[in-house]
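Undergrad: Starting from these lines, generate the structure:
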Amino acid sequence: MSNEGIRSLIPVETVDEYNEKMDARSAVMKRINATPTPLPAARIAEQPLVSFTPEFYKNPEPKLSKEEVEKKKFDRHMEKEYGHDAIKKDILKQIYQNKKAGKDPYHDMSQSTIMVAEIIKR
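TA: Numbers count the residues shown, from 1 in each chain. Reported below is the predicted structural model:
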């Protein structure tokens, strides 16, 4: 290590110098009959345990009226039965059944259903 620049301001302590310092410290402690005592750990006052569960971070849902609850239920049902995923599943099921029967994939399908099937493939 060089003693140039900012490093020249920091005193360099080798292992031998450290050992000599520790030997000198222990010699002084013996002379004055002092034993090093560890510092006591800081005590923290009793505090209640706080646990952060996932529900802690969720915003509470506002109370809905009976009509709003029924509307949400109806919307979920409509999306499940007639939504994009349901249509895609139905069309792919028809294509699979045609292929399984050894027919053309679009056999006995309407023109609009074939167009939707082509869009689904993309």
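Undergrad: For the residue of the chain most remote from its centre, give its distance to residue 25.
TA: The C-alpha centroid of the chain is most remote from residue 31, which lies 58.7 Å away (Cα atoms, centre = their mean). Per Cβ to Cβ, to the nearest Å, residue 31 is found 11 Å from residue 25. Placement of C-beta: from N, CA and C, glycine included.
Undergrad: Please apply the same query to residue 95.
TA: As defined by Cβ to Cβ, residue 95 lies at a distance of 86 Å from residue 25.
Undergrad: Between the two, tell me which one has more neighbours.
TA: Neighbours were counted for residue 95 and for residue 25 using other Cβ atoms under 10 Å; residue 95 has more, 19 against 11.
Undergrad: Which of the three states applies to that one?
TA: Three-state call for residue 95 (DSSP: H, G, I helix; E, B strand; the rest coil): helix.
Undergrad: which one is it nearest to, not counting chain neighbours?
TA: Counting by Cβ to Cβ, 6 or more residues apart in numbering, residue 105 is the residue found nearest to residue 95 once chain neighbours are left out, at 4.7 Å.
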